[in-house]
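> Quick one, fold the following:
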Amino acid sequence: MKKLFLTLTAAVALTFAAKAQTEQGKLFLGGSVGYNYNKVNGTDHSNQDFNIVPNIGYFINDNFAIGTGIGYSYGQYYNGQDLKVKQGAFVVAPFARAYKGNEMFKFFGQLSVPMAWGNTKVDGTKVSTTASYGVQVSPGLAFFPHKNVGIELSVRGLYYGNDRIKNEGTGAKTITNSFGLASDFFAPQLGVQFYF
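Residues are numbered from 1 along each chain as shown. Coordinates of the predicted model:
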């Protein structure tokens, strides 16, 4: 009888703790950080990319959150004429996210609107300004090893992007639209969120 009581108590505690992760009024913090570096053999040239976009979300209802990510991305590479190209952008990515599942595993779908504004410099001279706008629907899975920690695997999913480049010298504008479905399950994004 004592073992049955302890088992039931543990089950109720686990259910309550799991519900507390994604219930109305709770917050979660997380984000993404990325770095890539490669060197071209036989030259002094190297390419590198860096981005950091922390995010915060708030559960407006049980299992439904809204939030935003705010950060910066930077890239540096050499073009075909041995000129150093640097690209930097301020990034904002508001999102809405819905969860469905049990106390340990929850599937989620996220609708985000990533935006970025920046510029491109060649050997220190600003040559263009850039603006990017998009919409993205991403599926994922969250695993909760602890009531305050969620480990996430997600894929990019369905997306639309609109990139605008304005040449500083001529004033000419280039607009590129992209649309696709990126569901590469062999290259998922890994993330960690902290729930409060």
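
> This structure: helices as residue ranges?
2-21 (DSSP state H).

> Show me where it has its strands.
For the chain, strands defined by DSSP state E occupy the ranges 27-39, 46-61, 64-78, 84-101, 105-112, 115-122, 125-146, 149-154, 157-167, 173-182, 189-195.

> Would you list the strands that the fourth one pairs with, along with their directions?
In this case it means strand 84-101. Using DSSP bridges, strand 84-101 pairs in its sheet with strand 64-78 (antiparallel), strand 105-112 (antiparallel), strand 115-122 (antiparallel).

> nearest to residue 182, of those?
For these, the distance to residue 182 is smallest for strand 105-112, at 13.6 Å, taking C-beta to C-beta. From N, CA and C alone the C-beta is placed, and that goes for glycine too.

> so for stretch 95-103, what's the average pLDDT?
On average, the pLDDT along stretch 95-103 is 94.

> Not counting it itself, show me its contacts.
Stretch 95-103 is contacted from outside by 14-15, 17-19, 22, 55, 57, 63-69, 106-113, 142, 144, using C-beta atoms under 8 Å, 6 or more residues apart in numbering.

> surely residue 157 meets residue 134?
No. The criterion here is C-beta atoms under 8 Å, and residue 157 misses it with residue 134 at 11.8 Å.

> one step back: make a markdown table out of the strands of the chain and add mean neighbour count.
Putting these into a markdown table (neighbours: other C-beta atoms under 10 Å) gives the following:
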| stretch | mean neighbour count |
| --- | --- |
| strand 27-39 | 13 |
| strand 46-61 | 16 |
| strand 64-78 | 17 |
| strand 84-101 | 16 |
| strand 105-112 | 17 |
| strand 115-122 | 17 |
| strand 125-146 | 16 |
| strand 149-154 | 17 |
| strand 157-167 | 15 |
| strand 173-182 | 10 |
| strand 189-195 | 15 |
